[in-house]
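Chemist: the sequence and its predicted three-dimensional model are supplied below.
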Amino acid sequence: MNVAAASGRTLAKVLCVAGAVAAIAIAPARAASCTAKSGPQSVPLVELYTSEGCNSCPPADRWLSASFAKSAPRASGIALAFHVDYWDRLGWKDRFATPAFTQRQQDSMRGSGARFVYTPQVIVQGKDFPQWQGPGAIAALTTAAAKPARAEIALAAEREHGSIVVKAWARVPSAGDRKGAALYVALTEDGLQSDVKAGENAGVHLAHDNVVRAFRAAPSPDANGEMSWEVKLPVPAETGTASTVVAFVQNPAGGDVLQALALPLTAACQPTR
């Protein structure tokens, strides 16, 4: 069951989310600009695990930027670039890397049955995808996008001083998909740049998009498969040219991504007060 064919009860829940949106914005027109709702088809989630200290990572960074540029239709997928920290000890500390992102890569490895992690690593819909450099990437995304979504997501966001208030709602219709399902919310930044001074990429200018700057996991779904959550994501001191809130529902045990949704934070998301 999808949002378009939802029962009256599910539509009522979506309307509740719209009410929640109104609560964080005064002007209705501005609220409408700062909300998003998923559709009936899956939106593929693409994760890149990368590091500024890895000399084989810049081509993957460039591929991610080109493939998921904001000027291109986002229906092709939603990208998240997780910078891992295990390269930091080799001469250059990646300021976008955190131990939490390394842990997520390791958890993904265990969920998919892989034996090791590596960079650059591309994961599509929770599964390792080493063919990202070839034409198979387009086919994989097209195939994933043709499948019906297995979750519904709605988002609302507003900037505050030093943070972004995100209200997220999700529903997993099938009881078989609910066990272990989790709702994740991320803040990503485009247009980040680095002049690397040491390590394997010494002397190289790097440009990054879709960089995950904050990442949170919501409580588990209730007996009806629903999750409703409000979270404040900190605004990083160093910001890029564009910010996006991304939400997705995933079963971490097997890696299956049930649905993903992106909400660009435009100027309309600024508070009116």
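Modeler: Everything's here; your move.

Chemist: the closest residue to residue 147 other than its chain neighbours: how many residues sit nearby?
Modeler: With sequence-adjacent residues excluded and distances taken as CB to CB, 6 or more residues apart in numbering, residue 147 is closest to residue 42, at 4.7 Å. No exception for glycine: its C-beta is placed from N, CA and C like everyone else's. Residue 42 has 22 neighbours, counted by other CB atoms under 10 Å.

Chemist: now swap in residue 205 and tell me
Modeler: By other CB under 10 Å, neighbour count at residue 205 equals 10.

Chemist: isn't it right up against residue 194?
Modeler: Yes. The pair residue 205 / residue 194 is scored as a contact, 7.3 Å apart, by CB atoms under 8 Å.

Chemist: just the pLDDT for residue 134.
Modeler: The model reports residue 134 with a pLDDT of 84.

Chemist: try the one 10 residues further on
Modeler: Reading off the per-residue confidence, residue 144 sits at a pLDDT of 93.

Chemist: how much space separates residue 85 from residue 100?
Modeler: Distance, residue 85 to residue 100, by CB to CB, to the nearest Å: 9 Å.

Chemist: have a look at those two and say which one is more surrounded.
Modeler: A count of neighbours by other CB under 10 Å puts residue 85 above the other of residue 85 and residue 100, at 18 against 14.

Chemist: now that one: phi and psi?
Modeler: Main-chain torsions, residue 85, degrees, to the nearest 10: phi -100, psi 0.

Chemist: may I have the residues that are in contact with residue 133?
Modeler: 59, 63 (CB atoms under 8 Å, 6 or more residues apart in numbering).

Chemist: and residue 139, how far from residue 201?
Modeler: Counting by CB to CB, the gap from residue 139 to residue 201 is 31 Å.

Chemist: quick one on the thing from earlier: ok, the residue nearest to residue 147 touching residue 259?
Modeler: Yes. Proximity of residue 42 to residue 259 meets the contact threshold set by CB under 8 Å, at 6.2 Å.

Chemist: mutual contacts of those two, please.
Modeler: With CB under 8 Å, 6+ apart, residue 42 and residue 259 have common neighbours 149-150.

Chemist: okay, strands next: where are they in this structure?
Modeler: Secondary structure of the chain by DSSP state E: the strands cover 35-37, 45-50, 78-83, 121-124, 127-128, 152-160, 163-171, 182-190, 192-195, 205-208, 211-217, 226-234, 242-250, 257-264.

Chemist: any idea how far residue 196 is from the closest residue to residue 62 other than its chain neighbours?
Modeler: In this structure, residue 62 finds its nearest non-sequential neighbour in residue 207, 7.9 Å apart by CB to CB, 6+ apart. Remark: distance between residue 207 and residue 196 (CB to CB) = 12 Å.

Chemist: show me the shaky parts of this protein.
Modeler: 1-33, 71-75, 272-273 (pLDDT under 70).

Chemist: just want the most central residue of it.
Modeler: The residue lying closest to the centre of the chain (CA atoms, centre = their mean) is residue 246, at 4.1 Å.

Chemist: burial measure for residue 207, as a count.
Modeler: Counted with other CB under 10 Å, residue 207 comes out at 14.

Chemist: who's it bridged to?
Modeler: Beta-bridge partners recorded for residue 207 (DSSP bridges): residue 193.

Chemist: need the contact list for it.
Modeler: Neighbours of residue 207 in contact, by CB under 8 Å, 6+ apart: 61-62, 65, 191-193.
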